[in-house]
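# Curious how this folds, go ahead:
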Amino acid sequence: MRALIIAATLAMFAVPAIAQDFTAEQRAACKGDYETFCKGVTPGGGRILACLNKEYARLSGACKKAIDAQKK
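Residues are numbered from 1 along each chain as shown. Now for the predicted structure:
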């Protein structure tokens, strides 16, 4: 039971990588692409950003721009 409480507490503080790495404007630009291509990706460790990079050719122009800005 204690382990469950600890896990639940830690989960409350887990923020998807896209939220950690992107500004609010960049998150908004990539939200649709995230929902389409990366929704099943477990957040953390840059996995969502890696997924978006993997799908780069299929992303919207706004999301590509946000990802390119992140790389600078």
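# in the helix or strand where A28 lies, what counts as buried?
In the assignment (DSSP states H and E), A28 maps to helix 24-33. Residues Q26, R27, A29, C30, D33 are the ones in helix 24-33 that count as buried (16 or more other CB atoms under 10 Å). The way it works is simple: take the backbone N, C-alpha and C, and place the C-beta from them, glycine included.
# Touching, D33 and N53? I think so.
No. At 11.1 Å, D33 does not count as touching N53 under the criterion of CB atoms under 8 Å.
# Show me whatever sits in contact with both of these two.
With contacts defined as CB atoms under 8 Å, 6 or more residues apart in numbering, no residue is shared by D33 and N53.
# Tell me where the model's unsure across the protein.
For the chain, residues meeting the criterion pLDDT under 70 lie at 1-21.
# please redo it, this time with the cut-off set to 80
For the chain, the stretches with pLDDT under 80 are 1-22, 71-72.
# Contacts for the helix holding A28, please.
With CB under 8 Å, 6+ apart, helix 24-33 has contacts from 18-19, 22, 52, 55, 58-60, 62-63, 65-67, 69-70.
# following it, which helix or strand comes up?
Criterion used, DSSP H and E; the element after helix 24-33 is helix 47-54.
# Dump the C-alpha coordinates for that next one into PDB.
What follows is helix 47-54, C-alpha atoms only, in PDB (Å, rounded to 0.1, in the frame of the first residue of the first chain):
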ATOM      1  CA  ARG A  47      10.700  10.200 -25.400                       C
ATOM      2  CA  ILE A  48       7.900  12.400 -26.800                       C
ATOM      3  CA  LEU A  49      10.300  14.800 -28.400                       C
ATOM      4  CA  ALA A  50      12.100  11.800 -29.900                       C
ATOM      5  CA  CYS A  51       8.800  10.500 -31.200                       C
ATOM      6  CA  LEU A  52       8.000  13.900 -32.800                       C
ATOM      7  CA  ASN A  53      11.500  14.000 -34.300                       C
ATOM      8  CA  LYS A  54      10.900  10.500 -35.700                       C
END
